[in-house]
Every structure is written in structure tokens, then in C-alpha cells.
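A.B. asks: Please find the sequence and the predicted model below.
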Amino acid sequence: MTEPMLDTLTRRLNGQPREGLQGLPHRPGPRMRACPSGVGVAAHVGMSRSPFAARFTTLVGESPLAYLAHWRMQVAARLLRREPVSMAEIAGRVGYESEAAFSKVFKREMGVAPGTYRRAASAA
């Protein structure tokens, strides 16, 4: 199964056009979402974890873990604004097994707790 983000990432990390990650699909697919450590993504692109992380950081400007956490919180924010589902459901959809872990990362990335974010979004 091909995954556009991983396929594009593979080409970029292996030195094919050096325009950073412009043109990279905006949504990591299921294999990337399922690899919170980046090890699986590194293996997919044919690199070990450390060189992958260094090359990714050079191209993107942030580590693979930071990129994935930021992406997950953007998706979570959209779900909080648009869908009347539980916090546990949202946590699971963006790759967290624990609602507490999700809430901690959401607050760190977005500056407010997910419940506060949801209430503010529905009041606007």
C-alpha cells in the first residue's frame, strides 16, 4: 500500500529534489500516525532512527516527533471544534491511548486544555 506522505518523504530524505517538504501531503497516513517514535517511518524510508531524525529536522525545521505532535494537535483542535465526541474518542483518533497524555500534549501545543478550547470554540 502506498502512502503519499511517506513516499514523498522517502524521495526528499534520499536527496531527490531538495525543496524541503513542500508538496508533502498535509496528512500523515495511518503508518506514520502509528509510529510515535519515528522508528517505523525511518525504516520505511530506508534509514535508521538517528540519521532519519537529523535529516528530517534539517529539511522540515523540527524533529519528526515535534512535527507529528503538532499535526496531531491540529487534527484534535479541528475535531474539538466540529464534532460532539468525547475527549477519549478524540484522543484515540489522533493516536493517544490515554486521555491524560493527550490532554497534556494538547495543552503544551495549543496553550489551553482541550475542554477549554472546545468551550471557547463553541462560544465563538
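C.D. replies: Okay, I see it.
A.B. asks: need the helix or strand of the protein with the lowest average pLDDT.
C.D. replies: When the helices and strands of the chain are compared on mean pLDDT, DSSP states H and E, helix 30-33 comes out lowest with a mean of 52.
A.B. asks: Please identify the buried residues of the lengthiest helix in the chain?
C.D. replies: Among the elements of the chain assigned as helix by DSSP state H, the one spanning the most residues is helix 64-82. Under the neighbour-count criterion of 16 or more other C-beta atoms under 10 Å, helix 64-82 has 64, 67, 68, 69, 71, 72, 73, 75, 76, 77, 79, 80 buried. For the C-beta atoms, the positions are set from N, CA and C on the backbone; glycine is no exception.
A.B. asks: what does stretch 82-99 give?
C.D. replies: Within stretch 82-99, the residues that count as buried by 16+ other C-beta under 10 Å are 87, 90, 91, 93, 94, 95, 96, 99.
A.B. asks: how many neighbours does residue 117 have?
C.D. replies: Other residues within reach of residue 117, judged by other C-beta atoms under 10 Å, total 19.
A.B. asks: where does the chain dip in pLDDT?
C.D. replies: Along the chain, segments meeting pLDDT under 70 span 1-39.
A.B. asks: Contacts only, for residue 105.
C.D. replies: With contact set as C-beta atoms under 8 Å, 6 or more residues apart in numbering, residue 105 has these partners: 69, 72, 73, 96.
A.B. asks: out of these, which one sits closest to residue 121?
C.D. replies: Comparing those against residue 121 with C-beta to C-beta picks out residue 73 as the nearest, at 13.8 Å.
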